[in-house]
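Have a look; sequence and predicted model below, questions after that.
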Amino acid sequence: MAPSTPVRHAWRVLTGLLAIVGVLFGINALGVYVFNASSWTPELALDLQGGTQIILQAQTTDGAAPDSEQLAQAVTIIRQRVDASGVGEADVATEGGRNIVVQIPGQADDATRQRIQSSAQLQLRPVLFTGSPATSFVGEDGNNTPYPTPDPSLPATPTASPTNASDPAYITPALQAEFLSYECANPPSNPAQAPADQPMITCDVNGQAKYILGPVELDGNDISDATNGQEQNTGQWAVNLVFNDQGTQKFADVSQRLYGAQAPFNQFAFVLDGSVLSAPSMNGIIVDGRPSITGSFTQESSKALADQLKYGALPLSFTVVSSDTVSATLGSQQLQVGFIAGLIGLGLVAIYSLIVYRALGTVIIASLAVMAVLTYLALCILAWRAGFRLSLAGVAGLIVTIGFTADSFIVYFERIRDELRDGKSITAAVEDGWSRAKRTIYISKSINVLAAVVLYILADATVKGFAFTLGLTTAIDVLIFILFTHPVMQLLARTRFFGSGHPLSGMDPNALGAVYRGRAQFRAPVADAGRAKRSRGEAQRRQTIAERKQAELAAAARGDSGSTKEGSD
């Protein structure tokens, strides 16, 4: 195998960069044309695109204003639910001491609305009785007759004190009459507000079955985690629960009581916001605290429910006051201004690069162009897979990164020039300049990434877009520096234009004040007095303070030696 040379290494690295661009392009194309979920343009946030605004109003039993701590807790839970749905740059805030305003970029789908609007109050109640949702019967005359309204004189108190939540003594004549006349489509009261220590009448989420349920034995506070997945035997989508230590013990006691009982007393119901999600029979004693909820779930609905249960029940019940489409708060004009500012920044960097570094400036411009392509593809893919949306703060982060990226190139090129001033050949200066500049650049970029991470964690939601784009583009900057800028310099250093130190290349040793150019290529000291003087002036301007002091001391020492020698003669 032939040994690796800088040229071969450069071509391999550039080929790898081209492969990375191709993979990113292919991933986004897959999302656009196969899954129909991605786009060739980054998604915009609420401040640039507009979106959906949902106003929720807190409801209390006595009609009083809700507690501020409860509202703050509800805001936190709703924000977690929205983030879990993959929606980025959403805004959730309180308004007027009773309302919560949720603003989501773009059009909110049904699953996202359900996440926001549902209180997700999960209860586990034993089944006491189940039947058809019908509210009428066929009488002796053969006609369909509605069940009568329950007589207030019917006994509503159990004749014997129930011994557990599954005791049929809870089913009083009044409760039985209420069950018969109960309409699933038009319940007499909100079943979600039924007392936890009393039996309740409710229906399943589809209105296909009606239940009498015993008191609550577990609730959402006993859940530590919830995920969705498919059952191996049936392939049905299910919600898998994980109870905490207290919930595990409670559920073990419930399963031990229900297992082996006669139907329907062997069933337990998962009740969410007053409706029965599933009422499975107990087929074993579950002591590990990991039951599953099955039913007519899809992948989306099971994930939505798992997210609701995972992030807990809202401390208050809410009603939807309004759900409207809102326009962009900043609009397309401000977005255009942001892009114009970015183009101006790029233009100034390009002009500065060409003036100071001459032809080397084209390397900076090309590196910025490759970085723009990678960043653009990354934003499109992140919008599809992570729900990221570009806000005006994110645009500001992209603009700021232009300066940070140009700074990396300046450090690298100045190190190359320093090596040329020391008399090294151009190819050696490129390699040695790289080995010295990369440490400085890595340290600088690490600090930038750390600052972006801290800002993203601690800052307000309106600033997170700036922190995210700053961290993303800084990481891409390092990638471009390694996979494009240095390999290109390795190849250019071996061309005739750059390798010979052409005055327009930006790497002319004479113009930089080098004493000699490589092995046996010393600069003629008197061949061109004007050019030599300019070179010396350039070299003196490039000297550091320490180098100038050292030169002055050396000159003074030479002067003293000359005086001593002259005096001795």
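Done, it's in.

switch to C-alpha atoms for all contacts and neighbour counts from now on
Will do.

Spatially, what comes nearest to residue 485 if we skip its sequence neighbours?
The shortest distance from residue 485 to any non-neighbouring residue, by C-alpha to C-alpha, 6 or more residues apart in numbering, is to residue 367 (6.3 Å).

Provide a list of residues in contact with that neighbour.
By C-alpha atoms under 8 Å, 6 or more residues apart in numbering, the contact list for residue 367 reads 480-481, 484-485.

If we use 7 Å, what do you get?
480, 484-485 (C-alpha atoms under 7 Å, 6 or more residues apart in numbering).

Could you tell me the average pLDDT over whatever helix or strand residue 445 lives in, please?
Assessed by DSSP states H and E, residue 445 sits inside helix 426-458. For helix 426-458, mean pLDDT rounds to 92.

how far is it from where the chain is centred?
25 Å (C-alpha atoms, centre = their mean, to the nearest Å).

How about stretch 194-202?
On C-alpha atoms, centre = their mean, the centre of stretch 194-202 falls 40 Å from that of its chain.

swap in stretch 270-281?
Relative to the centre of its chain, stretch 270-281 is centred 33 Å away, using C-alpha atoms, centre = their mean.

Do you know the pLDDT at the residue lying closest to residue 436 once chain neighbours are set aside?
Of all residues not flanking residue 436 in the chain, residue 415 sits nearest, at 7.2 Å (C-alpha to C-alpha, 6+ apart). If you check residue 415, the pLDDT there is 93.

Flag every buried residue along whichever strand or helix holds residue 415.
Assigned by DSSP H and E, residue 415 belongs to helix 392-421. Within helix 392-421, the residues that count as buried by 16 or more other C-alpha atoms under 10 Å are 392-402, 404-406, 408-413, 415-421.

Kindly report the same for stretch 16-23.
For stretch 16-23, by 16+ other C-alpha under 10 Å, it's 17, 21.

repeat for stretch 443-450
445, 448-449.

with those residues in mind, which one is nearest to residue 384?
Taking C-alpha to C-alpha as the measure, residue 384 sits nearest to residue 449 out of the buried residues of stretch 443-450, at 23.5 Å.

Mind checking what secondary structure the nearest residue to the closest one once chain neighbours are set aside has?
Distances taken as C-alpha to C-alpha, 6+ apart place residue 471 nearest to residue 449, at 5.1 Å, with adjacent residues excluded. Secondary structure, DSSP: H, G, I helix; E, B strand; the rest coil: residue 471 is helix.

does residue 145 sit in a helix or strand, and which one?
Residue-wise, residue 145 maps onto strand 144-146 under DSSP H and E.

So what touches that strand?
If you take C-alpha under 7 Å, 6+ apart as the criterion, strand 144-146 is touched by 135-139.

Mind telling me the two of those residues farthest from one another?
135 and 139 (12.8 Å).

Between these two, point out the one with more neighbours.
Set residue 135 next to residue 139 and count neighbours by other C-alpha atoms under 10 Å: residue 135 wins out with 16 against 10.

ok, the more buried one touching residue 149?
No. In this structure, residue 135 is not within contact of residue 149 by C-alpha atoms under 7 Å, at 10.4 Å.

residues contacting the nearest residue to residue 220 once chain neighbours are set aside?
Nearest residue to residue 220 in three dimensions, chain neighbours excluded: residue 122, at 5.0 Å (C-alpha to C-alpha, 6+ apart). Residue 122 is in contact with 219-220, 270-273, counting by C-alpha under 7 Å, 6+ apart.

confidence score at residue 122?
Model confidence at residue 122, given as pLDDT, is 77.

Going by neighbour count, list what's buried in the helix holding residue 445.
Quick answer for helix 426-458 (16+ other C-alpha under 10 Å): 426-434, 437-438, 441, 445, 448-449, 452-453, 455-456.

angle of that helix against helix 392-421?
For helix 426-458 against helix 392-421, the angle by axes from the mean of the first three to the mean of the last three C-alpha atoms, to 10 degrees is 150 degrees.

Return the list of helices and strands in contact with helix 426-458.
Helix 426-458 sits against helix 392-421, helix 461-480, with contacts defined as 3 or more C-alpha pairs under 7 Å, 6 or more residues apart in numbering; DSSP states H and E.

Now do the helices in the stretch 251-400 of the chain.
Along the stretch 251-400 of the chain, counting by DSSP state H, counting those that start in this stretch, helices occupy 299-310, 331-357, 361-385, 392-421.

residues of the third one that come out buried?
To tie it back to what came earlier, the one meant is helix 361-385. Those buried within helix 361-385 under the rule 16+ other C-alpha under 10 Å are 361, 363-365, 367-368, 370-372, 374-375, 377-384.

Over to the second one?
Of all the residues in helix 331-357, those buried under the rule 16+ other C-alpha under 10 Å are 335, 338, 342, 345-346, 349-350, 353-354, 357.
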